[in-house]
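A.B. asks: Any chance you can model this:
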Amino acid sequence: MSQGIHTPGPWHNQSTNCDYGPRHVCGPKHTDGGDYAPICIANTEANARLIAAAPELLLCLRDCMDALDRAKTISVRKQWEVMSRAENVINKALGK
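C.D. replies: Predicted structure coming up:
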């Protein structure tokens, strides 16, 4: 499965003292060892899709975990429905 073109993780929430506001979501440190980069600087459209899909991704992940936990007691059809929904949300996050 493709990872898309969003800023690679891990991302974290960081306090800032800049004009953009008191908090930034930042990606990993620059490869040159510099400071963490706010994710709004690069890959903006892909990052926005991923952020917008985050609540739905979390819900699908919880449903997948629940389906795995109950795999012996739910139908194969229900398992495939959960997997299909998760795949659709992942594709949405990737802009497909």
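
A.B. asks: where are the low-confidence patches of the protein?
C.D. replies: For the chain, applying pLDDT under 70 flags the ranges 1-4, 18-22, 29-43.

A.B. asks: And the strands in it?
C.D. replies: 12-18, 21-29, 36-38 (DSSP state E).

A.B. asks: May I have the phi/psi pair for the residue located most distally from the centre of the chain?
C.D. replies: When distances to the mean C-alpha position of the chain are computed (CA atoms, centre = their mean), the maximum falls on residue 73, with 29.5 Å. Dihedral pair for residue 73: phi -110, psi -10, per degrees, to the nearest 10.

A.B. asks: Any idea how many residues pack against residue 50?
C.D. replies: Neighbour count for residue 50, taken as other CB atoms under 10 Å: 22. (Each C-beta comes from the backbone N, C-alpha and C, glycine too.)

A.B. asks: and what of residue 59?
C.D. replies: Around residue 59 there are 13 residues (other CB under 10 Å).

A.B. asks: can you check residue 44 too?
C.D. replies: Residue 44, neighbours per other CB under 10 Å, totals 12.

A.B. asks: The one 3 residues further on now?
C.D. replies: Here the neighbour count serves as a burial measure; for residue 47 (other CB under 10 Å) it reads 21.

A.B. asks: Quickly note the distance from it to residue 28.
C.D. replies: 13 Å (CB to CB, to the nearest Å).

A.B. asks: how many neighbours does residue 10 have?
C.D. replies: For residue 10, using other CB under 10 Å, the count is 7.

A.B. asks: Quick one: distance of stretch 78-95 to the chain centre.
C.D. replies: 13 Å (CA atoms, centre = their mean, to the nearest Å).
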